[in-house]
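K.L.:
Structure for the following, please:
(4 chains)
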Amino acid sequence: MALTKEQIAQRIAKELKDGYYVNLGIGIPTLVANYIPEGIKVILQSENGLLGMGPFPVAGKESADLINAGKQTITTLPGSSIFDSAMSFGMIRAGKVNLTVLGAMEVSENGDIASWKIPGKMVKGMGGAMDLVASAKNIIVAMMHTNRQGESKLLPACTLPLTGIKCIKKIVTELAVLEVTENGFKLLERAPGVTTEEIISKTAGKLIVEREIPEMQF
Amino acid sequence: MALTKEQIAQRIAKELKDGYYVNLGIGIPTLVANYIPEGIKVILQSENGLLGMGPFPVAGKESADLINAGKQTITTLPGSSIFDSAMSFGMIRAGKVNLTVLGAMEVSENGDIASWKIPGKMVKGMGGAMDLVASAKNIIVAMMHTNRQGESKLLPACTLPLTGIKCIKKIVTELAVLEVTENGFKLLERAPGVTTEEIISKTAGKLIVEREIPEMQF
Amino acid sequence: MNKIYKNADEAVADIKDGAVLMLGGFGLCGIPENCIAALVKSGPKNLTCISNNAGVDDFGIGLLLQQKQLKKMIASYVGENAEFERQLLSGELEVELIPQGTLATRCMASGYGMPAIYTPAGVGTEVAVGKESRIFNDKEYLLEYAFDADFAIVKAWRGDADGNLVYKDTARNFNPLMAMAGKITIAEVEELVPSGEIDPNQVHTPGIYVHRIFQGKNYEKRIEQLTLTK
Amino acid sequence: MNKIYKNADEAVADIKDGAVLMLGGFGLCGIPENCIAALVKSGPKNLTCISNNAGVDDFGIGLLLQQKQLKKMIASYVGENAEFERQLLSGELEVELIPQGTLATRCMASGYGMPAIYTPAGVGTEVAVGKESRIFNDKEYLLEYAFDADFAIVKAWRGDADGNLVYKDTARNFNPLMAMAGKITIAEVEELVPSGEIDPNQVHTPGIYVHRIFQGKNYEKRIEQLTLTK
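P.N.:
I've put the predicted structure just below:
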């Protein structure tokens, strides 16, 4: 059965390691914070200028001066630090952030990503996504395998304006975990109950299926 | 009579204006702080990371953590701010410092300055001087008119390695106040009792004497 | 030396048609509310506005959009503003979208006297079109120029008579960068204190960068996405 | 995650012959005294040292010079050190003198992931020899590259278990810049406090840049030029 958004986040959380500095994008990536494995410390970076992002505040404790990059009210934690946007993207550009998780409209088999614009339809802007994908060493995309029209979002080449090129390393969808390799998407894991055939049928880009594909473990 | 070092500083202090941010180099320039005209506020920048440098501390109040660019113990003032060396040179480079006063070994008639090295004899380094002269809009050199051998330090061209080119706007020596113009040194003022002839004889670079030269007023 | 202005009206009085403005803030967090209100009142037109976002329909830069005071918007994300989208699609408003880190660093470059910087953000995308690029250590970077703004308008939590500023929490964001980058920098603060009350070690923006400062009033500090732990 | 080290000996134990080090401080102000002492003890040779100054004969980096542990010194001003001058003139020590602002900005560039920066400092001087230059807005600038250091060793006033650092007064100087620039950054602090004791708004160096931190001891904090008001 296809994963819920929460399960996608839960699966991505398994990639976290102790001491990681992590930037989580808006949407499913934000949910990853709810599944940080026991016993490890992960520090969340919010690109509007915060390291050590805490949970949403309880009612009455919210502050207009303390938000995340999704403009949601949040909190700090012991050990948090605040800085300006230049330093924030400075540490991103310098590769100090260990993992970036973000959403996408399309990913191509060579690791290109499109996520910020649908010509003639939607113009929201790239925000910090272009900076993040241009510099992060380790980028995981969290997205649905297909769009609302049922078309694959894992393509031979992106059709929408790009956010970055050859940068995505891993993709987690409701159906599968895939690695972006030099030869295309490599299928690593299936969602419980999802068949390899279904994943093949919903992946338009080149898909490598090397062996019996295991089911995801949570 | 030739000016004392204190008088050179005193004359330079007359160039200060209310609200000026000023960087004073080591030596005579440092003394300028003692002669800030009544009724105006001048903020001293020390390039090791301080705006609003105060006087030397009284005995017992000195701190190893609070020094100026000459490594002297100093104090802060109400309104002071501390920052790192990149921001310090950032504000210098951006032209936010209104006036820089520094010493020199040689100045040429086109405004070049040499101040940091005597090949084979002395290698101390340029410190922040190259940054200051490359960016400051308004630079006054405070120096003796001649060196220890009695040779002019105001030259057609510098003989020592340069600190910066075409950057010096004004020179105050123990004998004269001179402006650097497109056509050479222009004599503006004589020290009290010093003759125009003496200044001419001690200036190797092209000297423009357009009119009766007034004595400096203090 | 007096940097203290009475209020926003006085501080923005000489901002005329066609000026290039930087406006601090991220979303509605840390925006110069008083100055925006004063600009709506004084009414300069054909403004170029450099700001990370464009406000919402009825607050922040959205208020300037309502009055059609903007000719051009330079921002990284403009997704919360229907009037913005309308003006953009109708061609009334010129828009340049640039990566957020590029926006921030082009402000900093200006304040640090660096004419241009190199960043990999946007390489291979439409952001790179027409831009010079260069390889350093096998990685491609774009050359991006420092901004040149007539006025930078920022909001701080506290400020003193020397123009030193301290920001609070993530309301810092672009404010210190833009404060460094204006030919004239105007700072509105929630609390204006006498010089000496701010620890020199805790100053975020040194006063040398700030030309005008005033104590703001009636801060609304609207929350865009109130999100609570249940 | 544990960034806390027992002491300087443990923190610098893996610094080997030939390493490129950054050392914070301006003159003797804000230098990592404990780490320098530990390096004298552990004895790596052929070090390249990037630091604004070279200490004095019997303190600071001067101690490493005495032990002939340095192959190369990159600094802006080295005027207070006779042993330095002797090694330089005898050719034992390679020296690269660069403008102070260039030194600072090349550190910052490294911490901000910018491969190179443009600065006018040194244009027309021997500093410009062999360097690429470029005109922006009628002014000439030199292209200067970000530093690439194996270890950055800095001294802060306070630090916490997450590696956040706060500096005191002008002991800040190059420390935050170098802290950002090391592949591995080692911070010694006068006071190591639990996370949560430092206000997030007052952190000068965010912990993401700091890999090792320890509480230093026996700080001498020597004053180079004691100058008093009579």
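K.L.:
and the helix or strand of chain A with the lowest mean pLDDT, what other elements does it pack with?
P.N.:
Every helix and strand in chain A was compared by mean pLDDT, DSSP states H and E; the lowest is strand A:122-123, with a mean of 76. The contact analysis (3 or more CB pairs under 8 Å, 6 or more residues apart in numbering or on different chains; DSSP states H and E) places strand A:122-123 against no helix or strand. From N, CA and C alone the C-beta is placed, and that goes for glycine too.
K.L.:
Counting neighbours, which bits of the helix or strand following that strand end up buried?
P.N.:
Using DSSP states H and E, the next helix or strand after strand A:122-123 towards the C-terminus is helix A:129-135. Neighbour counts over helix A:129-135 (16 or more other CB atoms under 10 Å in any protein chain shown) mark A:A129, A:M130, A:D131, A:L132, A:V133, A:A134, A:S135 as buried.
K.L.:
Could you tell me how many residues sit around residue 68?
P.N.:
Went with chain A since none was named. 28 (other CB atoms under 10 Å in any protein chain shown).
K.L.:
wait, chain C
P.N.:
13.
K.L.:
quick one on the thing from earlier: okay if I get the buried residues of helix A:129-135 as CSV plus pLDDT?
P.N.:
Below are those laid out as CSV (pLDDT from 0 to 100):
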residue, pLDDT
A:A129, 97
A:M130, 98
A:D131, 98
A:L132, 97
A:V133, 97
A:A134, 97
A:S135, 95
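K.L.:
Specify which member of these is nearest to D:Q202.
P.N.:
Lowest distance from D:Q202 to the buried residues of helix A:129-135 (CB to CB) belongs to A:D131, with 26.1 Å.
K.L.:
give the contact list for that closest one.
P.N.:
A:E47, A:F89, A:I92, A:R93, C:P99, C:Q100, C:G101, C:T102, C:T119, C:A121 (CB atoms under 8 Å, 6 or more residues apart in numbering or on different chains).
K.L.:
if you set the cut-off to 7 Å instead, what comes out?
P.N.:
By CB atoms under 7 Å, 6 or more residues apart in numbering or on different chains, A:D131 lies in contact with A:F89, A:I92, A:R93, C:P99, C:Q100, C:G101, C:T102, C:A121.
K.L.:
Quick check: closest non-adjacent residue to the second one.
P.N.:
Counting by CB to CB, 6 or more residues apart in numbering or on different chains, A:S135 is the residue found nearest to A:I92 once chain neighbours are left out, at 5.4 Å.
K.L.:
just checking, that neighbour touches A:F89?
P.N.:
No - look at A:S135 against A:F89 with CB atoms under 7 Å: they stay out of range, at 8.4 Å.
K.L.:
Can you confirm whether the strand or helix carrying C:A187 lies near chain A?
P.N.:
Assignment of secondary structure by DSSP H and E places C:A187 within strand C:182-193. No - contact between strand C:182-193 and chain A is absent, the nearest approach being 9.7 Å (criterion: CB under 7 Å from any CB of the partner chain).
K.L.:
Give the burial count for C:P32, as a bare number.
P.N.:
29.
K.L.:
pretty sure it is in contact with C:L23, am I right?
P.N.:
Yes - between C:P32 and C:L23 there is a contact under CB under 7 Å: 6.3 Å.
K.L.:
Show me the common contact partners of those two, please.
P.N.:
C:I153.
K.L.:
what about A:A9, helix or strand, and which?
P.N.:
Going by DSSP H and E, A:A9 is part of helix A:5-13.
K.L.:
Could you give the separation of that helix from the chain centroid?
P.N.:
Relative to its chain's centre, helix A:5-13 lies at 10 Å (CA atoms, centre = their mean, to the nearest Å).
K.L.:
Other residues contacting it?
P.N.:
A:3, A:28, A:31-32, A:34-37, A:101, A:140, A:142, A:172, A:174, A:177, A:216, A:218.
K.L.:
Sort out for me which of those residues are in helices.
P.N.:
A:I28, A:L31 (DSSP state H).
K.L.:
ChimeraX command to pick out the buried ones of the contacts of helix A:5-13?
P.N.:
With 16+ other CB under 10 Å as the criterion, this ChimeraX line picks the buried residues out of the contacts of helix A:5-13:
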select /A:3,28,31,32,35,101,140,142,172,174,177,216
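K.L.:
Minimum pLDDT in the contacts of helix A:5-13, which residue is that?
P.N.:
Note: of those, the lowest pLDDT belongs to A:F218, at 80.
K.L.:
which secondary element of chain C has the worst mean pLDDT?
P.N.:
helix C:82-90 (a mean of 86).
K.L.:
Run through the neighbouring helices and strands of that helix.
P.N.:
Helices and strands touching helix C:82-90, by 3 or more CB pairs under 7 Å, 6 or more residues apart in numbering or on different chains; DSSP states H and E, are helix C:62-66.
K.L.:
Following the helix it packs on in sequence, what is the next regular element?
P.N.:
Criterion used, DSSP H and E; the element after helix C:62-66 is strand C:70-75.
K.L.:
now that next one, how far from the centre of its chain.
P.N.:
12 Å.
K.L.:
That one pairs with which strands?
P.N.:
Strand pairing for strand C:70-75, determined by DSSP bridges: strand C:47-50 (parallel), strand C:94-97 (parallel).
K.L.:
returning to that earlier point: and the residue nearest to A:I92, how close does it get to A:E15?
P.N.:
18 Å (CB to CB, to the nearest Å).
K.L.:
Which pLDDT does the model give the residue of chain A most remote from its centre?
P.N.:
In chain A, A:G60 marks the outermost C-alpha relative to the chain mean, sitting 30.8 Å out by CA atoms, centre = their mean. At A:G60, the pLDDT value in this model is 96.
K.L.:
just A:R211 next, same as before
P.N.:
Looking at A:R211, the pLDDT reads 86.
K.L.:
Could you look up the SS state of it?
P.N.:
coil (DSSP: H, G, I helix; E, B strand; the rest coil).
K.L.:
Determine whether any part of the helix ranked longest in chain C lies close to chain A.
P.N.:
Identified as the longest helix of chain C according to DSSP H is helix C:100-111. Yes - counting by CB under 7 Å from any CB, chain A is contacted by helix C:100-111 at C:Q100, C:G101, C:T102, C:A104, C:T105, C:M108.
K.L.:
Over to stretch C:218-226?
P.N.:
Yes - counting by CB under 7 Å from any CB, chain A is contacted by stretch C:218-226 at C:K221, C:R222, C:I223, C:E224, C:Q225, C:L226.
K.L.:
Pull the most distant pair out of those residues.
P.N.:
Pairwise over those, using CB to CB, the maximum falls at C:K221 and C:Q225, 13.8 Å.
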